[in-house]
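# Build the 3D model from these lines:
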Amino acid sequence: MPASRTPSTVPASPTRWTRWSLCLFSLLGCGVAAYLLSVSLAHRDLPAGCGQGSGCDEVLNSRWSQVFGVPVSGPAVAVYAGLLFSTLFLGPRKSPVQRRTAWTALILLAVVLVGSGIWFVVLQLAVIGAVCPWCLGEHGLGLLVAAIVFSSAPLARTQSPANDSETTPSLSIGRVLGSGGIGVALVGGLALAQTLVEYHPPQVQRLPAGENADTGPGPDRLISVLNGRLTLAPHELPLLGSADAPKLLVVLFDYCCPHCWATHGYLLDGLAAHKDELAVLLLPTPLNSKCNPYWEQTEPRFEHACELARLALAVWRVDRGAFVRFDAWLFEPEKPRDPVEARRHAEELVPAAALQQALQDPWIDHQIEQNVTAYHNSQAERVPVILSPGMRAIVGRPESEEQLFQLLEKELKLQPSRR
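This is a model prediction of the structure:
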């Protein structure tokens with residue numbers, strides 16, 4: 001009779017179905033993570049099926065989307081690749097040492113998948129307040145892989161191939177707890193790093209200044225932006241500040257856009273510091289296919305973008321002073337206003353009959369058409385877009401008010417403000 005080996009050192013080989021399932025789902029998880037990584041590194045577009053202001057946009061452009069400047073999908077690729085590689089050493093032709101090592105690695109990585117999945121789902125629901133379907137899909141695959149690992153790992157008493165009459169645990173409790181503890185520590189380190197390490201968001205995109213002009217203060221003032229393709233009469237358009245201010249900013253934005261919401265706040269604070277130098281022309285640019293023929297897919301957040309833009313322009317036509325208050329009210333909450341509530345508030349600021357008449361004015365639809373065409377012609381990838389003669393356009397949400405006005409003060413020769 002051949003000498004028997006110590007049974008406790010011989011992990012059982014899982015079934016072929018288990019090995020193939022682990023390989024398949026790990027490969028799928030790796031593919032999703034690699035796709036999200038490529039989107040993040042490209043700094044353009046969004047995953048398929050996602051648009052501006054969507055949950056994907058919010059999640060993938062938040063501080064929680066990276067760690068030490070690396071998109072979190074990068075470590076996810078490494079984890080899934082590790083799972084795939086470890087699964088290759090579970091077959092019956094592999095040595096007991098190889099199978100034991102593979103199971104140890106699989107348990108560690110499965111714990112990482114479960115822990116990181118819980119962490120990122122909680123972040124999306126409780127902190128960011130938005131959900132990325134692609135991210136949830138990836139976490140779902142991770143939980144499925146982890147379930148297969150935990151249900152198939154040789155933790156119970158299994159028959160030893162060395163001696164069919166003996167049964168012993170294939171993996172010791174100490175090994176399992178040690179492997180799981182390392183996984184928990186890795187997830188904790190990730191969460192701690194994301195919380196404590198200073199976050200540096202991607203720099204805003206810049207577009208060439210082009211050949212633009214400003215005829216200067218006066219009732220007939222005209223400015224041209226987008227390389228002369230958009231000419232505007234400041235005295236005839238919604239604005240914050242004076243149409244005769246030495247410097248004018250033109251902002252393409254959407255009242256439903258969270259990045260526009262933040263940038264609007266920066267502009268209000270900055271205008272107070274540069275009230276004698278600067279004014280802002282506001283060009284509502286709905287990201288909704290109902291009034292934007294260049295927009296194919298409308299995200300739920302932008303469902304009422306057209307109605308809110310039309311109401312704002314109508315208030316402007318009736319009472320320019322009331323528009324400033326209505327514009328501030330629209331941007332007061334972070335989430336878009338309900339159009340019924342917005343109509344009611346507009347009628348508190350201006351006469352209802354005058355508002356109704358303004359809403360029927362063809363000028364409103366013409367202005368929205370001009371605004372969305374300008375955005376299309378800019379070839380910018382997101383709103384807001386901040387334009388001014390002699391300045392390279394600023395596309396997207398600036399990191400902060402300080403970053404925005406450092407750019408404006410430098411390029412428009414504004415006096416530095418004391419903030």
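# Surely residue 314 is in contact with residue 349?
No: applying C-beta atoms under 8 Å as the test, residue 314 and residue 349 come out as separate, 10.8 Å apart. (Each C-beta comes from the backbone N, C-alpha and C, glycine too.)
# who has more neighbours, these two?
The neighbour comparison of residue 314 against residue 349 (other C-beta atoms under 10 Å) goes to residue 314, with 24 against 16.
# Where does the more buried one fall, secondary structure wise?
Taking DSSP states H and E as the criterion, residue 314 maps to helix 305-318.
# Which elements pack onto that helix?
Helix 305-318 is packed against strand 278-284, helix 320-330, helix 339-349, helix 352-359, helix 362-378, with contacts defined by 3 or more C-beta pairs under 8 Å, 6 or more residues apart in numbering; DSSP states H and E.
# Counting neighbours, what do you get for residue 89?
Neighbour count for residue 89, taken as other C-beta under 10 Å: 18.
# Can you tell me the SS state at it?
coil (DSSP: H, G, I helix; E, B strand; the rest coil).
# Could you check how many residues crowd around residue 344?
Number of residues near residue 344 (other C-beta under 10 Å) recorded here: 11.
# what are the ranges of the strands in the protein?
With DSSP state E, the ranges of strands along the chain come out as 66-67, 70-71, 157-160, 163-169, 205-207, 213-214, 223-225, 230-232, 239-240, 247-253, 278-284, 385-388, 391-395.
# Switch those strands over to TSV; also include mean pLDDT, mean neighbour count and distance to residue 261.
Listed next are these as TSV, based on pLDDT from 0 to 100; neighbours: other C-beta atoms under 10 Å; distance: least, C-beta to C-beta, whole Å:
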stretch	mean pLDDT	mean neighbour count	distance to residue 261
strand 66-67	88	20	22
strand 70-71	89	16	24
strand 157-160	47	16	58
strand 163-169	41	13	57
strand 205-207	57	16	19
strand 213-214	89	15	28
strand 223-225	93	22	23
strand 230-232	93	18	23
strand 239-240	95	23	15
strand 247-253	96	24	9
strand 278-284	96	24	13
strand 385-388	94	26	15
strand 391-395	89	21	16
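# List just the one of these that sits closest to residue 135.
Distance to residue 135, taken as C-beta to C-beta, is lowest for strand 70-71 among the strands of the chain, at 11.3 Å.
# Partner strands of that closest one, with direction?
Here strand 70-71 has these sheet partners by DSSP bridges: strand 66-67 (antiparallel).
# Run through who's touching the strand it pairs with.
Contact with strand 66-67 is made by 40, 72, 75, 190, 193, 194, 197, 199, as judged by C-beta atoms under 8 Å, 6 or more residues apart in numbering.
# Return the residues in contact with the fifth one.
Contacts for residue 193 were tallied using C-beta under 8 Å, 6+ apart; they are 67, 68.
# gap between it and residue 26?
Going from residue 193 to residue 26 by C-beta to C-beta, to the nearest Å gives 25 Å.
# what about residue 46, how many neighbours?
18.
# thought it was touching residue 59?
No: using C-beta under 8 Å, residue 46 is not in contact with residue 59, being 10.3 Å away.
# returning to that earlier point: how about the helices and strands packed on helix 305-318, which one is nearest residue 225?
helix 362-378 (8.1 Å).
# so how far is that closest one off the chain centroid?
26 Å (C-alpha atoms, centre = their mean, to the nearest Å).
# can you check stretch 89-106 too?
40 Å.
# What mean pLDDT does that stretch get?
Stretch 89-106 shows an average pLDDT of 89 in the prediction.
# same thing with stretch 357-364?
The model assigns stretch 357-364 a mean pLDDT of 97.
# Endpoint to endpoint, that stretch covers what distance?
End-to-end distance of stretch 357-364 (C-alpha to C-alpha, to the nearest Å): 11 Å.
# So for that stretch, what gets flagged as buried?
Going by neighbour count (16 or more other C-beta atoms under 10 Å), the buried part of stretch 357-364 is 358, 359, 364.
# try stretch 228-246
So for stretch 228-246, counting by 16+ other C-beta under 10 Å, buried means 230, 232, 234, 237, 238, 239, 240, 241, 243, 245, 246.
# Distance to residue 292 added to those, as a markdown table?
Formatted as a markdown table, those follow (distance: C-beta to C-beta, whole Å):
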| residue | distance to residue 292 |
| --- | --- |
| 230 | 16 |
| 232 | 19 |
| 234 | 24 |
| 237 | 19 |
| 238 | 18 |
| 239 | 22 |
| 240 | 23 |
| 241 | 27 |
| 243 | 26 |
| 245 | 29 |
| 246 | 33 |
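# from the residues you listed, which is closest to residue 343?
residue 238 (17.7 Å).
# quick one: the closest one from residue 245, how far?
Distance of residue 238 to residue 245, computed by C-beta to C-beta: 14 Å.
# Could you do residue 133 as well?
Distance from residue 133 to residue 245, by C-beta to C-beta: 44 Å.
# same deal with residue 288?
For residue 288, the distance to residue 245 (C-beta to C-beta) stands at 31 Å.
# swap in residue 260?
Distance, residue 260 to residue 245, by C-beta to C-beta: 21 Å.
# And residue 140, by the same measure?
From residue 140 over to residue 245 (counting by C-beta to C-beta), the distance is 53 Å.
# Likewise for residue 273?
13 Å.
# With residue 416 instead?
On the measure of C-beta to C-beta, residue 416 and residue 245 end up 17 Å apart.
# Please apply the same query to residue 63.
In this view, residue 63 and residue 245 are 34 Å apart by C-beta to C-beta.
# swap in residue 393?
19 Å.
# what do you get for residue 107?
65 Å.
# got it, and residue 363?
Taking C-beta to C-beta, one finds residue 363 at 24 Å from residue 245.
# least trustworthy helix or strand in this structure by mean pLDDT?
Taking mean pLDDT, DSSP states H and E as the measure, the chain has strand 163-169 as its least confident helix or strand, at a mean of 41.
# quick one: low-confidence ranges for the protein?
For the chain, the stretches with pLDDT under 70 are 1-13, 43-45, 53, 156-169, 200-211, 417-419.
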